[in-house]
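Undergrad: how would this look folded up:
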Amino acid sequence: MTPTILWFRRDLRLQDHTALTAAIARGGPVIAVFICDAQVESLGAAPKWRLGLGIEALQSALAAKGNRLILRRGSAFEELKALVAETGAQTVYWQRAYDPTSQERDVAVKAALLELGVEAKSFKGHLLFEPWTVQTKVGGFFKVYTPMWNSVRGRDVSAPLPEPAIVTAPEAFPASDNLADWRLGRQMRRGGAIVAGYARVGAAKAMARLEEFTNGGLRDYRANRDIPGEDGTSKLAENLALGEITPAQCWHVGQAELERGNPGAETFLKELVWREFAYHLLHYTPQILNQNWKPAWDAFPWSEDSNSRNFTAWKMGQTGLEFIDAAMRELYVTGTMHNRGRMIVASYLTKHLMTHWRLGQAWFEDCLIDWDPASNAMGWQWAAGSGPDAAPYFRVFNPESQIEKFDADRRYRRTWIAEGQQAPPDTALQFYAASPVSWNLSPKTPYPQPIITAKEGREIALSYYQSRTF
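TA: Numbers count the residues shown, from 1 in each chain. Reported below is the predicted structural model:
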């Protein structure tokens, strides 16, 4: 048998991998490749750094199966064409991606390979339900989450595929780049060493994380997921974003717990479908990535000044509002942020500070190790009011009342804000070690006064809303 080229992308695992399973079933050797193409080069600092760690973990996993991961840099089609010529392969497999840029690339690559006489085949990727398989009763797409949840909650989800015992290697491997030469983490600078302490890299650690959550936090997930100082969430977004674990693996664990009567299981399943909803919207309305989902917001007078005092203070965790600053510092230290924090900082930026959601979206894209294009875009537009949401657009979260409600014991604030504490914890001090030297921040500096108070910001936002028609 001629070899099968298996093109890895954001699916950095060997278990529950449809394309890998098909390649092994076809027979013959498998040539696994990851290509650093324009898609990879365009990633923000933290996602690109985290991708490098994920690739390294996949290299080790393949080596344990008697194979290796070939690394190439350049145009996806040109590198695949070169591998076909070098190896004699006549088959290229990969798993589908669902963002518009990836889909456009993949369609072009498939057409070009077929023109060369090479079999090019894509398989189901990182979703439970591919977007075109989910429709309303009248045949349209879902614009509100709850009806979509009700539509898919009873659907069958195929059992996860097992990890292969061996991945047959070719007699000779083609040439490969050295991962270190790609320098995927160069933009992280000194922050990389800090964030590395919080990352859980690779498929094995992803499965361990799921097991820990199932045996621990899942039971109280419904209540504790909203408390930022509590270790109450799965933290699996980091691994789902790079395909180190699949939503199907999470779904089946959640369903099993639901049948056992675990009270947090249904909420966990709903969160998996919330992620699906983001990709559903992205498929049917791809403009959600960079345009207002509701066109009526196109003329709204948000500031788009990325150098403004307000936006700079927000990025630096120096707004003077504790919930905002704690969440932004958590982001810089860990590469992630609690979900309630994401809602509050996004609402504050777009409503209190009247700053365009695209600026916040871009900052998250640069700082999140769990960055996901669909979830990031939908989340920001949901918070701004310009996106899909059944609630009124004039909902304005109060960061002061929110922090008192969800951080009554001040645990979250103490964890991330060093100012005012005689002996700040390492987590709070790490922010100063990770942040750019140019920010000139010190834990000895007095905590800032609010740039805009919660009350002032709400009044500003509502005054703008009242003067416009949506």
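Undergrad: what about the stretch 301-450 of the chain, any weak spots by pLDDT?
TA: For the stretch 301-450 of the chain, the stretches flagged by pLDDT under 70 are 390-394.
Undergrad: what residues does the strand or helix carrying residue 80 touch?
TA: In this assignment (DSSP states H and E), residue 80 forms part of helix 76-87. For helix 76-87, the surrounding residues in contact (Cβ atoms under 8 Å, 6 or more residues apart in numbering) are 3, 5, 7, 31, 33, 35, 37, 39, 70, 72-73, 89-90, 92, 105, 108-109, 112-113, 116, 118, 170, 174-175. C-betas here are computed from N, CA, C, even on glycine.
Undergrad: in it, what's buried?
TA: Neighbour-count burial for helix 76-87 flags 76, 77, 79, 80, 81, 83, 84, 87 (criterion: 16 or more other Cβ atoms under 10 Å).
Undergrad: got those residues as a markdown table, with distance to residue 190 and pLDDT columns?
TA: As requested, those are exported to a markdown table (distance: Cβ to Cβ, whole Å; pLDDT from 0 to 100):
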| residue | distance to residue 190 | pLDDT |
| --- | --- | --- |
| 76 | 32 | 98 |
| 77 | 37 | 98 |
| 79 | 33 | 98 |
| 80 | 37 | 98 |
| 81 | 40 | 98 |
| 83 | 37 | 98 |
| 84 | 42 | 98 |
| 87 | 41 | 97 |
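Undergrad: quick one: which of those residues is nearest residue 315?
TA: Using Cβ to Cβ, residue 76 comes nearest to residue 315 of the buried residues of helix 76-87, at 33.1 Å.
Undergrad: phi, psi for the residue nearest to residue 347 when sequence neighbours are not counted please.
TA: Spatially, and ignoring its direct neighbours in sequence, residue 347 is nearest to residue 397 (4.2 Å; Cβ to Cβ, 6 or more residues apart in numbering). Dihedral angles of residue 397 (phi, psi; degrees, to the nearest 10) stand at phi -70, psi 140.
Undergrad: wait, doesn't residue 397 sit right on residue 341?
TA: No: judged on Cβ atoms under 8 Å, residue 397 makes no contact with residue 341 at a distance of 10.9 Å.
Undergrad: with neighbour numbers in mind, choose between those two.
TA: Neighbour comparison, residue 397 and residue 341: the larger count goes to residue 341, with 24 against 20 (by other Cβ atoms under 10 Å).
Undergrad: and after the lengthiest strand in the chain, which helix or strand comes next?
TA: Using DSSP state E, we find that the single longest strand of the chain is strand 30-36. As assigned by DSSP H and E, the chain's next helix or strand after strand 30-36 is helix 38-41.
Undergrad: can I get the CA coordinates of that following helix in PDB?
TA: This file holds the C-alpha atoms of helix 38-41, laid out as PDB (Å, rounded to 0.1, in the frame of the first residue of the first chain):
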ATOM      1  CA  ALA A  38      -0.500  31.400   7.000                       C
ATOM      2  CA  GLN A  39      -3.200  30.300   9.400                       C
ATOM      3  CA  VAL A  40      -0.700  29.400  12.100                       C
ATOM      4  CA  GLU A  41       1.500  32.500  11.400                       C
END
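Undergrad: give me the distance between the two termini of stretch 287-296.
TA: End-to-end distance for stretch 287-296: 14 Å, by Cα to Cα, to the nearest Å.
Undergrad: please flag which of the contacts of helix 76-87 sit within strands.
TA: 5, 7, 31, 33, 35, 70, 72, 73, 92.
Undergrad: and of these, the nearest to residue 251?
TA: Taking Cβ to Cβ as the measure, residue 251 lies nearest residue 7 of the ones in strands among the contacts of helix 76-87, at 25.4 Å.
Undergrad: near the closest residue to residue 333 other than its chain neighbours, how many other residues are there?
TA: Spatially, and ignoring its direct neighbours in sequence, residue 333 is nearest to residue 430 (4.8 Å; Cβ to Cβ, 6+ apart). By other Cβ under 10 Å, the residues close to residue 430 number 23.
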